[in-house]
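Peer 1: below: sequence and its predicted model.
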Amino acid sequence: MAELNTYVALHNADEVDQLNPAGNEVSEETADKGNVKVTIDLPEDAYGASMFAIIYDARELMSETDHDAKPWWLNMYRLMYVMLVLLVNYMFQFLMLYWIFTYIVQPAVADVQRVYDQYHGEFFSVEGEFMHEVWNGKTTFDDARYKQDLCHVVFSRFTFLWFVLILWMTQMVIELRTNMALTADLFHIPHCPNDKAEGMIQGTGGGLDETDADDDELHVVSLTPIVRWTIVFSVVIPKLLIGFALTVMGMMWLSSTQSFSDLILNSLALEFVVRIDDNLYSALIPEHFKEDMGRVKLVYEKKQKTLEEEIHDDWVEWRTATIWLVVIPSFVFVYLKMAQGMPILGVLPYFQNDIAEACAPYLEREKMRICENGFGSERCFAFGGWVQ
């Protein structure tokens, strides 16, 4: 979900290019129509590579004109190879989601529930009163390990967990908004008939001949229905499904973590799954293909806005940003406080915030240093102290 910030920045900056394909200023005819041209780079990941192959190489195979001076079998091979990389990406991501849920998330949720169940069964009376004497009387090595497991359950530290989940949710909202922007751009591009596939791409000139290889940029100015819906079903929809599954699974995994330090490490591990498509693109896509892909821009025209329309659109963007600012922390709060009873998705249903009563003194003792500073006259780590 590679180079998300790059794609969003390019899209949000609106890259309104008031140049014609020859690289000159907007013609008077275009200006009179009140239209401006928007250009968007393809995302530099396995998804963007697939979009490029579907649009460019499919055009070469469907049209009778040879635009790139490459043999047809090479275009076919490029298309099949890139789609295979996309398939491998989906295989890795969906399998990783399945394995993480089966071998990590489910056992982690079961472990944290067993720890909490033992806490209620062993250290509370039938009436629900915490028995301090029983808790303090547990002093064996196994008891110490159990107290550590219980007191390090991150679910008991709501604010810490809430903030980490907000950061995770923010990362996944970036994925969602990037996908939504990409989908909107795809449907802004004009339509052309399936039998006019070669009209999908226009070169910007600057070369010595009429082949695409010598053009400065290649503008995707229209899409056939076959190409558009192939991109939607092979790229957009699977990407949305993966993002949704990662969001839910990530929140479950992080909420069931039994160590404060592991909470941060697990967050980084989830980022590894998010970046699978980036890594496959960097490792498996040839550099020449990346160079060709870098010259391709999605292009469509939109109406020149009046001042009032610009102010309205500016306000809509600020209002949308404010909604996300409220929705993200609110959604996480609802998940932690009100949605724990949901089947499968919940981690600790009926959690009563009663761990702190036992664990607060334990965690304070755990933070006590043997040696507060190195400037005193006494030795902190005396020889033979344990023997005496």
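Peer 2: It's in. Residues are numbered from 1 along each chain as shown.
Peer 1: pLDDT weak spots in this structure?
Peer 2: Applying pLDDT under 70 to the chain flags the ranges 1-34, 205-215, 373-379, 382, 384-388.
Peer 1: walking through it, point out its strands one by one.
Peer 2: 16-17, 35-41, 201-203, 218-220, 296-303 (DSSP state E).
Peer 1: now the helices: where do they sit in the stretch 251-388 of the chain?
Peer 2: For the stretch 251-388 of the chain, the helices defined by DSSP state H, counting those that start in this stretch occupy 260-274, 276-284, 287-294, 307-337, 356-367.
Peer 1: just the strands of the chain: most buried one?
Peer 2: Compared across the strands of the chain, strand 218-220 shows the largest average neighbour count, a mean of 24 (mean count of other CB atoms under 10 Å). Using the backbone N, CA and C atoms, a C-beta is placed for each residue, glycine as well.
Peer 1: what lines up beside that one in the sheet?
Peer 2: Applying DSSP bridges, strand 218-220 is found paired with strand 201-203 (antiparallel), strand 296-303 (parallel).
Peer 1: nearest to Ala46, out of those?
Peer 2: Nearest to Ala46 among those is strand 296-303 (15.7 Å), distances taken as CB to CB.
Peer 1: got the CA coordinates for that closest one in CSV?
Peer 2: Provided in CSV are the C-alpha atoms of strand 296-303 (Å, rounded to 0.1, in the frame of the first residue of the first chain):
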residue,chain,number,x,y,z
VAL,A,296,1.9,7.3,-17.7
LYS,A,297,-0.6,9.7,-16.2
LEU,A,298,-4.3,9.3,-15.6
VAL,A,299,-5.8,12.4,-17.2
TYR,A,300,-9.3,13.9,-17.2
GLU,A,301,-10.8,17.3,-17.6
LYS,A,302,-12.9,19.1,-15.0
LYS,A,303,-14.8,22.4,-15.0
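Peer 1: that strand vs strand 35-41, what angle?
Peer 2: 150 degrees (axes from the mean of the first three to the mean of the last three CA atoms, to 10 degrees).
Peer 1: what distance do you get for the residue found closest to Val109 once you drop the neighbours it is linked to in the chain to Met368?
Peer 2: Nearest residue to Val109, sequence neighbours excluded (CB to CB, 6 or more residues apart in numbering): Ser256, at 4.6 Å. Here Ser256 is placed at a distance of 28 Å from Met368 (CB to CB, to the nearest Å).
Peer 1: who has more neighbours out of those two?
Peer 2: Ranked by neighbour count (other CB atoms under 10 Å), Ser256 and Met368 place Ser256 first, with 23 against 7.
Peer 1: touching, that one and Ala108? I think so.
Peer 2: Yes - counting by CB atoms under 8 Å, Ser256 touches Ala108, with 4.1 Å between them.
Peer 1: correct me, but Val235 touches Ala46?
Peer 2: No - Val235 is not in contact with Ala46 according to CB under 8 Å; the separation is 9.1 Å.
Peer 1: overlap in contacts of the two?
Peer 2: Leu86 (CB atoms under 8 Å, 6 or more residues apart in numbering).
Peer 1: who's more crowded, those two?
Peer 2: More neighbours surround Ala46 than the other of Val235 and Ala46, with 29 against 22 (other CB under 10 Å).
Peer 1: does that one touch Leu87 like I think?
Peer 2: No - no contact is recorded between Ala46 and Leu87 when judged using CB under 8 Å, the distance being 9.7 Å.
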